[in-house]
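A.B. asks: below is the sequence, then the predicted model.
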Amino acid sequence: MDRDIQSITMKLLDYCQGNDWAGYEPYDALNSSIVKALPLLDSKLPRLVLTQFLKRSPINIRRLLRVPRTQNPKAIGLFLSRL
């Protein structure tokens, strides 16, 4: 069992390093270059609806919406604190 945990941990570390410690966040819908170009989303309600839809969607459409992966300082700090 310890070898399984170590193997999984090393795979996770490789994955994180391979992606330059960047990934998607639950509330990153408004970072989309497509969304930024839509004037309809200048209002609070449509922005809220889009954010919640993307957060709760069972299908990840971030790549389709061109949402970039970003580095999150808090996530990196939490990861490092567990090493």
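C.D. replies: Perfect, I can see it now.
A.B. asks: pLDDT score assigned to the residue most central in space within the chain?
C.D. replies: When CA atoms, centre = their mean is applied to the chain, the residue found nearest the centroid is Tyr24 (1.0 Å). pLDDT for Tyr24: 91.
A.B. asks: how about the one 3 residues further on?
C.D. replies: Looking at Tyr27, its pLDDT reads 89.
A.B. asks: next SSE downstream of the helix or strand that Asp14 is a member of?
C.D. replies: For Asp14, the host element (DSSP states H and E) is helix 2-18. Sequence-wise, the next helix or strand downstream of helix 2-18 (DSSP H and E) is strand 22-23.
A.B. asks: so what strands line up beside that following strand?
C.D. replies: strand 70-71 (antiparallel) (DSSP bridges).
A.B. asks: quick one: distance of the partner strand to the chain centre.
C.D. replies: Mean C-alpha position of strand 70-71 versus that of the full chain (CA atoms, centre = their mean, to the nearest Å) differs by 8 Å.
A.B. asks: which residues touch that strand?
C.D. replies: The contact list for strand 70-71 (CB atoms under 8 Å, 6 or more residues apart in numbering) reads 20-23, 25, 28, 31. No exception for glycine: its C-beta is placed from N, CA and C like everyone else's.
A.B. asks: between the residues you listed, identify the one with the most neighbours.
C.D. replies: Asp28 (19 neighbours; other CB atoms under 10 Å).
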